[in-house]
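[1] following is a predicted model, sequence given first.
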Amino acid sequence: MASLYFDQFHTRRLQVAAPLEGTNQWLWSHPKYTAWEAERSSLLWIQGKPGSGKSVLAKAIVERLKQHTETSREFPNSGTSQGIQVANASHVADWFYSGRSGRTGQSHNSFIRSILYQLLEHDAEIFRFCRVFYRAGSWSLKRLRSAFKAVVQSGIPILCVVDALDESLYRQFKSPDSGDSSDGEYWHRPNHLTWLRSLINPQNRARTKIIILSRPAADIEEAMEGVFHIVMQQANGPDI
């Protein structure tokens, strides 16, 4: 597990202001959120213009999911009140991309390493799904993807919040000695988004729910076509 850890692990999330009391309540009853919540495996894209409060909302989502997860673990027979059903027995993990944090804050490697590390912190038994990739060598993006996919396909319930996807690297160089061999010299963000969507597959055992928050960007909009989608400025009137 230590090999996945890196500096700036939660730097950006810690910099985000805590949500004001009573704000962001609009999301929990939004039809697209409740539809995402009801699915076994699903993806929700929350789009917002600069300064619309996306990162504060992302932090609020993480805190709510963790709170409900802890509640369901302490009181497993507490019923299915709003929010509990989505978090019941789930592992919650998050990553906040940040253009201000340099390559580490923008890298897709950092995103997957952070998520895997958090999952293993929650449950060390998950390592059995990653062991073969850990033994294969350094954590290249290709190996990280394979490890995370193996965890997802195991059927372990996962709730993942990803903020500021638009601040991620649009293209990422493939290390020639790390096993990242495929067409071209770079991983492009659309390729990463296609891979991310492939995890949400009702045909396999996946019980993974992902929320992505970002500014509008052409490649993200194209990749997110067909997923649950909320435009913040059309929905968060009560907070303005």
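    That came through, no problem. Numbers count the residues shown, from 1 in each chain.

[2] output the longest helix belonging to this structure.
    Counting by DSSP state H, the longest helix found in the chain is helix 54-74.

[3] now do it: distance to the chain's middle.
    In terms of CA atoms, centre = their mean, to the nearest Å, the centre of helix 54-74 is set 13 Å apart from its chain centre.

[4] could you export that helix as CSV, CA atoms only?
    Extracted in CSV, the C-alpha atoms of helix 54-74 (Å, rounded to 0.1, in the frame of the first residue of the first chain):
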residue,chain,number,x,y,z
LYS,A,54,-18.1,22.8,-8.0
SER,A,55,-15.2,22.0,-5.7
VAL,A,56,-17.2,23.0,-2.6
LEU,A,57,-20.0,20.8,-3.8
ALA,A,58,-17.6,17.9,-4.4
LYS,A,59,-16.4,18.2,-0.8
ALA,A,60,-20.0,18.2,0.4
ILE,A,61,-20.7,15.1,-1.6
VAL,A,62,-17.7,13.3,-0.2
GLU,A,63,-18.6,14.3,3.4
ARG,A,64,-22.3,13.2,2.9
LEU,A,65,-21.4,9.8,1.4
LYS,A,66,-18.8,9.1,4.1
GLN,A,67,-21.3,10.1,6.8
HIS,A,68,-24.0,7.8,5.5
THR,A,69,-21.5,5.0,5.0
GLU,A,70,-20.5,5.2,8.6
THR,A,71,-24.1,5.4,9.7
SER,A,72,-25.0,2.3,7.7
ARG,A,73,-22.0,0.4,9.2
GLU,A,74,-23.0,1.3,12.8
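
[5] and it, what other elements does it pack with?
    Here helix 54-74 touches helix 11-15, helix 25-28, helix 84-87, strand 91-96, strand 157-163, strand 207-214, going by 3 or more CB pairs under 8 Å, 6 or more residues apart in numbering; DSSP states H and E. Placement of C-beta: from N, CA and C, glycine included.

[6] the third one - what's its average pLDDT?
    This points to helix 84-87. On average, the pLDDT along helix 84-87 is 44.

[7] and what of stretch 192-205?
    For stretch 192-205, mean pLDDT is 85.

[8] for it, buried residues please.
    For stretch 192-205, burial by neighbour count (16 or more other CB atoms under 10 Å) applies to H192, L193, W195, L196, R197, L199, I200, N204.

[9] go on, stretch 7-26?
    Within stretch 7-26, the residues that count as buried by 16+ other CB under 10 Å are F9, R12, R13, V16, P19, T23, N24, W26.

[10] worst-scoring helix or strand of the protein, pLDDT-wise?
    Ranked by mean pLDDT, DSSP states H and E, the weakest helix or strand in the chain is helix 84-87, scoring a mean of 44.

[11] sec struct for R40, please.
    Secondary structure, DSSP: H, G, I helix; E, B strand; the rest coil: R40 is coil.

[12] quick check: the gap between Q118 and W195.
    According to CB to CB, to the nearest Å, Q118 and W195 sit 19 Å apart.

[13] ok, now R207?
    In terms of CB to CB, R207 sits 18 Å off from W195.

[14] ok, now G102?
    When G102 is compared with W195 (using CB to CB), they lie 23 Å apart.

[15] what do you get for H122?
    As judged by CB to CB, H122 and W195 stand 23 Å apart.

[16] swap in G237?
    For G237, the distance to W195 (CB to CB) stands at 35 Å.

[17] just for this structure, where's the confidence low?
    Residues of the chain that meet the criterion pLDDT under 70 lie in 1, 71-89, 172-186, 202, 238-240.

[18] please redo it, this time with the cut-off set to 50
    Along the chain, the model assigns pLDDT under 50 to residues 78-88, 176-185.
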